[in-house]
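*Asks:* sequence-free structure coming up:
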């Protein structure tokens, strides 16, 4: 017999209970007196539940129902969202009152539509729905759960084979890195081709995989006489080994002054202060105005040869290091350095961002990710001069999703021991223009030097 897990879809009133991140809907009621219940409202959230009906009448967020009395019997209908039919089925509707769950209504499911009779309670309450998972869900992501590559469903008890990155038509690429399997929510590594049984242990009805990369060559050398390798970042974490001076390592992640390295057949963490980045053999320099002793030399060469190319020159032989960058250019450089991710929406609110401009997708992506916004609801001002505070804030928001950083946090995040942004001798404020050389250095050092 196949296992069938459950997820609770409800919003609770003053009750301590775990709620998943996939709410179905809530229905609130206020009793005018012990006899009559009025003011029913319904808010349907997410795609899992398409509609909820009371005696055939759809419950929408703006609806208000009166004349419903305690003890009255009504018919409840719950319909699963179209894309989830065949994967989820509604099994029950129940009222959540200040006294606990009452009046559970068992739903009979038919092709994603559950129906049953329901008794109106005599207290203020909210409606909840139980959805039963019919299959095990496996999602693959190109990053930290922002860019989904694909979703697959499996019958419980069957064998799941972990996919290879190249199986996805929208598979990302990272210059200088190769695909190194997947990591799940528990930081468990899964190589492509690995197998496991679709199950719902601990009430988990699926798994999320994030792509992992590893450099093709060592990236850093150890500068300390000896360096401890720890299980997780922090001096209080268990020691799993050690490295000696001059040892070359591959760094795959930077976090709060700690570096995650490939160690043995797995990973370990070391103090980033005792690592030095390896400068890989240089590629030909196409620019007459960029020299090896310039602080921006490595960044310019990286930006030119990166895949996708972050930026080229002002012409075939001149980079224009001191040329001022515009908002449209900066967002495009950032977008390309992140691998040119596709925006999830084609809605464009800006009349000054035509679809045929090079910065079109970059602007849509940056705005929907909260990295930047327009100067008004309808204007982005792509040709306006970029300030140092803008580019530092853009980078901060990219690496710290959900945080703003405009009021100084971004500048503190980027500052070195002398207060300079990523070691560049330039002031961070909203009126200092940012030249091309500084922008590519900020991008390069954010990407490779922490």
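*Replies:* Sure thing, it's come through. Model, not experiment: these values are computed from the prediction.
*Asks:* show me how the chain divides into domains.
*Replies:* 6-133, 136-215, 220-277, 297-448 (automatic domain parsing).
*Asks:* following the chain onward from the lowest-mean-pLDDT helix or strand in the chain, which element is next?
*Replies:* None of the helices or strands of the chain scores lower by mean pLDDT, DSSP states H and E than strand 37-44, at a mean of 37. Counting by DSSP states H and E, the next helix or strand C-terminal to strand 37-44 is strand 49-54.
*Asks:* packing partners for that next one?
*Replies:* strand 25-31, strand 37-44, strand 73-80, strand 125-133 (3 or more Cβ pairs under 8 Å, 6 or more residues apart in numbering; DSSP states H and E). (C-beta placed from N, C-alpha, C; glycine too.)
*Asks:* quick one, helices of this structure?
*Replies:* Listed in chain order, the helices of the chain (DSSP state H) span 297-305, 327-337, 360-368, 388-399, 409-414, 436-448.
*Asks:* chain center to stretch 190-198: distance?
*Replies:* 23 Å (Cα atoms, centre = their mean, to the nearest Å).
*Asks:* make residue 1 into 3 and carry on from there
*Replies:* I'll keep to 3 as the first residue from here, and by that count the last item is stretch 192-200.
*Asks:* before we move on, the earlier item: how about JSON lines for the domains of the chain, with mean neighbour count and distance to residue 289 added?
*Replies:* Shown next, in JSON lines, are the domains of the chain (neighbours: other Cβ atoms under 10 Å; distance: least, Cβ to Cβ, whole Å):
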{"stretch": "domain 8-135", "mean neighbour count": "17", "distance to residue 289": "49"}
{"stretch": "domain 138-217", "mean neighbour count": "15", "distance to residue 289": "19"}
{"stretch": "domain 222-279", "mean neighbour count": "16", "distance to residue 289": "22"}
{"stretch": "domain 299-450", "mean neighbour count": "18", "distance to residue 289": "4"}
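*Asks:* need these in CSV with distance to residue 292, can you?
*Replies:* Converted to CSV, the domains of the chain look like this (distance: least, Cβ to Cβ, whole Å):
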stretch, distance to residue 292
domain 8-135, 48
domain 138-217, 19
domain 222-279, 20
domain 299-450, 5
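*Asks:* compare those and give me the one nearest residue 291.
*Replies:* For residue 291, the closest of the domains of the chain is domain 299-450, at 5.2 Å, according to Cβ to Cβ.
*Asks:* which stretches of the protein aren't confidently modelled?
*Replies:* 3-49, 61-70, 97-104, 125-128, 177-178, 202-206, 217-219, 267, 280-284, 450-452 (pLDDT under 70).
*Asks:* give me the distance between the residue positioned nearest the centre of it and residue 108.
*Replies:* For the chain, the residue lying nearest the average C-alpha position, counting by Cα atoms, centre = their mean, turns out to be residue 148 (3.2 Å). Computed as Cβ to Cβ, to the nearest Å, the residue 148 to residue 108 distance reads 38 Å.
*Asks:* unless I'm mixing things up, residue 224 is touching residue 275, no?
*Replies:* No: the pair residue 224 / residue 275 is not scored as a contact, 11.1 Å apart, by Cβ atoms under 8 Å.
*Asks:* first-to-last residue distance for stretch 119-132?
*Replies:* 15 Å (Cα to Cα, to the nearest Å).
*Asks:* so how far is it off the chain centroid?
*Replies:* Remark: stretch 119-132 is offset 35 Å from the chain centroid, using Cα atoms, centre = their mean.
*Asks:* what's the local residue count around the closest residue in space to residue 88 that isn't next to it in sequence?
*Replies:* If the residues on either side of it in the chain are set aside, residue 88 comes closest to residue 136, at 6.7 Å by Cβ to Cβ, 6 or more residues apart in numbering. Residues within reach of residue 136, counting by other Cβ atoms under 10 Å, total 21.
*Asks:* residues contacting residue 136?
*Replies:* Taking Cβ atoms under 8 Å, 6 or more residues apart in numbering as the criterion, residue 136 is in contact with 6, 88, 89, 90, 91.
*Asks:* export those residues to CSV and tack on distance to residue 197?
*Replies:* Below are the contacts of residue 136 laid out as CSV (distance: Cβ to Cβ, whole Å):
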residue, distance to residue 197
6, 22
88, 24
89, 21
90, 25
91, 27
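*Asks:* between the residues you listed, which is closest to residue 152?
*Replies:* residue 89 (14.3 Å).
*Asks:* enumerate every residue touching the closest one.
*Replies:* Contacts of residue 89 by Cβ under 8 Å, 6+ apart are 135, 136, 137, 139, 155.
*Asks:* hmm, the first one is touching residue 90, no?
*Replies:* This points to residue 135. Yes: Residue 135 lies in contact with residue 90 (Cβ under 8 Å); the separation is 6.0 Å.
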